[in-house]
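Novice: fold the following and give me the result.
(2 chains)
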Amino acid sequence: MRSSGRAVIVLLTLAYVGLAGAAVVDDRFLHDEGLLTRLLAALVGREPMAALFLQKARPPLAALYAPVASMPLSVFLWAHVLVAALAVPLTAATARTLGHPRPELAAAVVALSPMFIAAGASGLMNSDAVVGVAAFAWCWSRGRLLTAGIVMGALVWVRAELAVLALAYAAWSAWDRKPRAWIGLAAFPVVYGLAGALYHGDLLWMVHFPPALSRPMEDNPFWDHQTAASMPMVVGAVLAVTPAVVWLGLWRARDAHVVERVGLAAVVVLAVALVVLPRWRVFNFDTSPRYLLPILPFVALAVARVLSSLGPDAATPGGWRRGLGLGLAAALALVSERLGGGPWALIAVAVAAMAVVLGGAGWSTASRLVAAGLVAAGPLAFGSGARLARRQQAGVLDQMVVRLAEHPEWEDRPLFTNAPLLSAYLERSGGLPGRDVRYMVQADQLYELTTLSNPANGQRARLLSALGEGFHGRPVFPDALSPETIPPDAVFVLTEDPRLALVMPPARWSSVLRVVHRGRGMTIAVRRDEESAR
Amino acid sequence: MTLRTSARVWAPALVLVLCAGGLVLASLDPVEPKTQVEPLPAPVLSEAGTSLLGGMQVGERLMGWDVVALGGPHEREIRIELERDGVRFSLMVMVKGAVPQAPPLETEHYAIFYGHVQPKDVSLPSGTIRATTHALARRIRAHETDVVVPGM
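Specialist: Down below sits the predicted model:
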C-alpha cells in the first residue's frame, strides 16, 4: 500500500476517535444499552463465574471490558471508543488483502458511519459487533479460516443476530470443503458449553438457560407500544449506517472476492430479517436501528468496490447498470420522502448520482471529491436515523434535571426513578452529582434475568446479589418496592413507561404520591405523608 | 465519447434529474416529517369533552389566564393550554386512577394535573395552580355526572 494510503487510514482512525470521543464528553449518545454493556462487564468482576456462564451477559464482551467496568463511566466509554476504532484499520487491511485499489475508501465508510460513531460513544455492543465482524472478515480474507471461525463462533455470544453470518460462513466452508472453518466455528461454543456444563452441572444448560428470551414476557405492555418499522424509519436507519449505501445498487459480484460476495449476501439477509422479525416479536428484537450496524464492514467493502470503478473504461459497470442501481435507490428515497421521511435520502442519492456522472465522464478527481463529500457528511446529516442521540431516546432527562435543580432541599433525599440514565446523567453533564439515585428495576428486566439464570446452583442468587451493588444507581427490585418500604422523604422521578404500572400499580400508589411537576413524558412526585414524617 | 461510454454519464444523470424533481416536489408539496416524538394531543376538543368542561372555548379566560388550546381526549387525557405574559402551562384532566401519581386536585370522577410549563426555566406565579385547577374543577363538577367522555 502507498504510504499516503496508510496515512489516510491513520487519519481516519483518529477522526473516528475524535468524533466519538467528543460525543463521550458531552453525553450526546448516553444510552441505557451502553450502560448495560458496562454493567454486564462489572458483573464479571463482582461474580465472575455466575456472570461468565450467564449467556445473556455476552460473555466474550463482558470479559473484555471487565477490567474497566468498575472504573468511572468515562473510562469505560473511552475504552469502548478505542476498541471500536480498531474496525477502521481492520476493514482497510481486509480491503487491501482482497485487492482493493484504494483500501482507504472502505476505511472511510466505516470511520465516518454516523451510527458507528454514536454506538461507539454510547458503549453499545452493536459497535463491538462491527469490530468483531471486521476482524472476522480480515482473518477470512487472509485465509486464516480457523481463526475466522473462532472469532465468528464467539461473536454469536456477543450479538445473537450474527448467527446469520456464522451460518453463511458455515455454508460457504461446507460448499468449499474447508473443515478448518467448521472447527473454528465450533471452538467457542464447545469449550464454553463444556465449561458451563461443569458450572451448571447440566450438559444442556445452554438450552435450559438460553442467551435471550425466545418470546417476550407475557402481558408486557412494552410490546403494545412497538410498531412495525415504517419505510422512512428503515431508509433513515440504513442511511445512518452509512449514506454511501446508496451506491450499493452498482455493486457487481464479478468484481468482488468470494469473501465479499458471501459476506454481503449474509448481511443483506441479516438486514431484511431485522426489519421483518419485530413484526412477530421473535427473539425480542424491536425496531431499534442499531441492530443493523454489524452490516457495516461488508457494506463498506462493497461500496469501496463500486467507488473504485466509476470511471468510463469498459471494465466498469455500464450505463444501464449505473442508471438502474441508482434509480432503485432514488425510487426508495422518493417514496420515503412522500411518506414523511424527509429529503435527506433524495439528497444522498442525488449526490451519489453526481459522483457517478462525473466518474462516467472521466473526471475522476471531481467524482472522488463528491463521493468523499457524501461519506464525510454522514455524521453531520444522517445521524438522526440511528435514533441513538440522548435527546431522541431520553429527551425527558433535561426536563428532569431542570426540575430537580429547582429543589435544592431535595439534595440529600433519595430519588426513586425508572429512568435508567438518570443516575449517570446527573453525575456527568446533568450537573447534579452525588445524588442518591435508586433505580426501580422493571418487571420485565427481573423476569429476563431470572428466566435466563440457574436457580439450582446459586447463579441466580449470586447475580441478584451482585446487581445489588449497582444497577443504574442503587437498584430497588419490584418485590421491595411498596409504599410501606419506601422512605418517607423519597422523591419519585418517573418517565412515562407503559411498564411502570407493573411495579407501581395505580391502585396501590395513587393515594401515596403527590405530583410536584408534571411534564411531557415525565412526572416528579413526592410522598403525600412526607411532611408528617419529618 | 461513444454512445456506450456516454451512457455511463446520461443514465446516472437521469437519476440526478429524478432526484432534483423529487426535491422540487418536496419543497412545493411538503410532507410533515414523521418523528419518534409522540404526537401532541389532538388540537380539537371532542364534543363530549367540551361539555365536560362546561362549554369551554379557546379564547376564554380562566382565572386571568387565556385558554389558548384545547385538545383531547388523547391517550385518555384532555388538555387545556393556558397562557399569560409569555408563560404557558397545561392543565390535564384524566379519569381518576389512570396513572399511579396522585393529582393536585380531584373531582368525583376526574383527576386534574398540571405541567408542561414553558419556558422550562420559569416558575408559575404563586397561587396560579391552586386558582386554575379549582376553577376547572368547579366546571367539571357541574357536568361530570351528566357527561360521559368517550376515550377517557
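Novice: drop to CA atoms for contacts and neighbour counts, all remaining ones
Specialist: OK.
Novice: so what's the residue in the stretch 151-300 of chain A that chain B sits nearest to up against?
Specialist: Residue of the stretch 151-300 of chain A nearest chain B, by CA to the nearest CA: residue A:232 (8.0 Å). Contacts for residue A:232 (CA atoms under 8 Å, 6 or more residues apart in numbering or on different chains) come out as A:336, A:337, A:339, A:340, A:341.
Novice: so it is in which element?
Specialist: Residue A:232 is part of helix A:231-241 when elements are defined by DSSP states H and E.
Novice: so how far is residue A:528 from the residue of the stretch 151-300 of chain A closest to chain B?
Specialist: With distances taken as CA to CA, to the nearest Å, residue A:232 is found 46 Å from residue A:528.
Novice: same deal with residue A:422?
Specialist: 23 Å.
Novice: the more surrounded of the two?
Specialist: residue A:422 (28 against 17; other CA atoms under 10 Å in any protein chain shown).
Novice: I'd say that one and residue A:397 touch.
Specialist: Yes. Residue A:422 is within contact range of residue A:397, at 6.7 Å (criterion: CA atoms under 8 Å).
Novice: so which bits of chain B are right by chain A?
Specialist: Residues of chain B lying close to chain A (CA under 8 Å from any CA of the partner chain) are B:4-16, B:18-20, B:22-23, B:26, B:31-34, B:36-37, B:97-104, B:113-117, B:120-121.
Novice: burial of residue 64, as a residue count?
Specialist: No chain was given, so I picked chain A. Counted with other CA under 10 Å, residue A:64 comes out at 13.
Novice: I was thinking of chain B, sorry if that wasn't clear
Specialist: 13.
Novice: just want the phi and psi numbers for the residue nearest to it when sequence neighbours are not counted.
Specialist: Spatial nearest neighbour of residue B:64, excluding adjacent residues (CA to CA, 6 or more residues apart in numbering or on different chains): residue B:84 at 7.9 Å. Per-residue torsions, residue B:84: phi -160, psi 130 (degrees, to the nearest 10).
Novice: in the sheet, who's paired with residue B:84?
Specialist: Taking DSSP bridges, one obtains residue B:87 as the residues bridged to residue B:84.
Novice: isn't it right next to residue B:66, touching?
Specialist: Yes. Using CA under 8 Å, residue B:84 is in contact with residue B:66, at 6.3 Å.
Novice: of those two, who's got more company?
Specialist: Neighbour totals were compared for residue B:84 and residue B:66, and residue B:66 leads with 17 against 13 (other CA under 10 Å).
Novice: where's that one, which helix or strand?
Specialist: Using DSSP H and E, residue B:66 falls in strand B:65-74.
Novice: which other residues reach that strand?
Specialist: B:41-46, B:49, B:57-61, B:78-84, B:150-152.
Novice: contacts for stretch A:490-508, please.
Specialist: Counting contacts by CA under 8 Å, 6+ apart, the residues outside stretch A:490-508 that touch it are A:220-222, A:396, A:400, A:410, A:413-419, A:442-443, A:478, A:481-483, A:521-527, B:97-101.
Novice: got it, and stretch A:320-327?
Specialist: Taking contacts as CA under 8 Å, 6+ apart, the residues outside stretch A:320-327 that touch it are A:246-250, A:349, A:353, A:356, B:7-8, B:11-12, B:14-15.
Novice: how about 10 Å then?
Specialist: For stretch A:320-327, the surrounding residues in contact (CA atoms under 10 Å, 6 or more residues apart in numbering or on different chains) are A:246-252, A:310, A:316-317, A:319, A:329-330, A:332-333, A:349-350, A:352-353, A:356-357, A:360, B:4, B:7-16, B:18-19.
Novice: quick one: contacts for the closest residue to residue A:158 other than its chain neighbours?
Specialist: Closest residue in space to residue A:158, ignoring its immediate chain neighbours: residue A:58 at 4.8 Å, by CA to CA, 6+ apart. By CA under 10 Å, 6+ apart, the contact set of residue A:58 is A:37, A:40-41, A:51-52, A:125, A:154-160, A:211.
Novice: and the stretch 151-300 of chain A, which of its residues are near chain B?
Specialist: Within the stretch 151-300 of chain A, the positions adjacent to chain B are A:230, A:232, A:233 by CA under 10 Å from any CA of the partner chain.
Novice: okay, now the domains of the chain?
Specialist: Using chain A. A:27-214+A:229-386, A:394-441+A:477-533 (automatic domain parsing).
Novice: wrong one, I was asking about chain B
Specialist: Using automatic domain parsing, chain B is parsed into the domains B:1-31, B:47-143.
Novice: turn the ones you listed into CSV, including mean pLDDT.
Specialist: Output for the domains of chain B, formatted as CSV (pLDDT from 0 to 100):
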stretch, mean pLDDT
domain B:1-31, 86
domain B:47-143, 84
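Novice: same list (the ones you listed) but as JSON lines, adding distance to residue A:89.
Specialist: As requested, the domains of chain B are exported to JSON lines (distance: least, CA to CA, whole Å):
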{"stretch": "domain B:1-31", "distance to residue A:89": "32"}
{"stretch": "domain B:47-143", "distance to residue A:89": "46"}
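Novice: give me the neighbour count for residue A:155.
Specialist: For residue A:155, the count of nearby residues is 29 (other CA under 10 Å).
Novice: if I look at it, how far off is residue B:61?
Specialist: Distance of residue A:155 to residue B:61, given as CA to CA: 63 Å.
Novice: do residue A:250 as well
Specialist: In terms of CA to CA, residue A:250 sits 63 Å off from residue B:61.
Novice: one more: residue A:496?
Specialist: 30 Å.
Novice: and if you look at residue B:95?
Specialist: 24 Å.
Novice: and if you look at residue A:189?
Specialist: 70 Å.
Novice: again with residue A:297
Specialist: Taking CA to CA, one finds residue A:297 at 61 Å from residue B:61.
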